[in-house]
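Trainee: Structure of the sequence below:
(one chain, ligands or ions: 1)
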Amino acid sequence: MMGYTFDAKTKEWIQQAMADNIEESKAYCRRRGFQLIIDLPQYRRNSTYRKAFFESHPGLFGRDFYFCSYCGKLLRKDRVTVDHLLAVRAVQKSRFLQWFLKKLKIKNVNDQKNLVPACARCNERKGTKTGFWLLRGLIGCHSAFWISCYVLLLCAITAFFLFCIPAIQSLK
Ligand SMILES: [Zn+2]
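Mentor: Model prediction:
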């Protein structure tokens with residue numbers, strides 16, 4: 001392909017384009033049935049997002065503990081992976097997600113509003129998925145949600161031992 005170089009790591013053909021020949025690339029990809037990924041600086045992962053996340057999120061009660069936004073597991077800071085809620089790759093590929101980011105008033109994928117703490121397992125399982133994972137992340141990024149879940153669970157267990165077990169025993 002003219003002017004394109006192959007990236008063996010991502011298995012993608014890459015072309016440096018100026019703003020005025022993006023339309024040409026779009027038409028080329030459409031004709032050939034290729035998927036076009038426009039790699040603009042605002043949709044690129046930066047090297048400081050993890051550090052910036054921890055600076056603005058000191059963790060639970062100011063300590064270095066975080067809940068995984070997807071499964072609620074309590075993690076020490078060194079076990080936390082910082083996940084892009086809308087995955088970088090997914091945003092680069094989808095005009096809809098770029099529009100969605102704009103609607104959320106997020107100018108850059110590395111914006112704090114697009115970063116959530118996650119365990120390594122959930123981060124890997126989520127990958128570039130959106131949909132249900134996005135919903136889980138939006139709710140689960142609030143520590144109060146997981147604290148409420150754990151308190152409710154504790155109440156349910158306590159109630160079971162206090163009321164249900166004596167009730168079952170009195171039936172015998
Ligand atoms: Zn998790």
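
Trainee: the domain parsing of this structure - what is it?
Mentor: Using automatic domain parsing, the domains assigned to the chain come out as 1-36, 45-141, 143-172.

Trainee: wait, which of those domains is closest to the ion?
Mentor: Smallest distance to the ion across these (CB to the ion): 3.2 Å, for domain 45-141. Bear in mind the C-beta positions are built from the backbone N, C-alpha and C, glycine included.

Trainee: Which residue ranges of this structure form strands?
Mentor: Remark: strands assigned in the chain by DSSP state E are 5-7, 12-14, 65-67, 74-76, 81-84, 115-118.

Trainee: The last one - contacts with which helices or strands?
Mentor: Judged by 3 or more CB pairs under 8 Å, 6 or more residues apart in numbering; DSSP states H and E, the packing partners of strand 115-118 are helix 49-56, strand 81-84, helix 132-140.

Trainee: Go again with 10 Å.
Mentor: For strand 115-118, the packing partners by 3 or more CB pairs under 10 Å, 6 or more residues apart in numbering; DSSP states H and E come out as helix 49-56, strand 65-67, strand 81-84, helix 120-126, helix 132-140.

Trainee: hmm, back to that, what's the least confident stretch among the domains of the chain?
Mentor: Of all those, the minimum mean pLDDT falls on domain 1-36 (a mean of 77).

Trainee: so Arg76 sits right up against Cys68, yeah?
Mentor: No - Arg76 lies out of contact with Cys68 (CB atoms under 10 Å); the separation is 11.7 Å.

Trainee: Looking at the two, which is more packed in?
Mentor: Between Arg76 and Cys68, counting by other CB atoms under 10 Å, Cys68 is the more crowded of the two (26 against 11).

Trainee: Give me the neighbour count for the spatially closest residue to the more buried one that is not a sequence neighbour.
Mentor: With CB to CB, 6 or more residues apart in numbering as the criterion, Cys68 has its nearest non-adjacent residue at 4.1 Å, and that residue is Cys119. Using other CB under 10 Å, Cys119 has 22 neighbouring residues.
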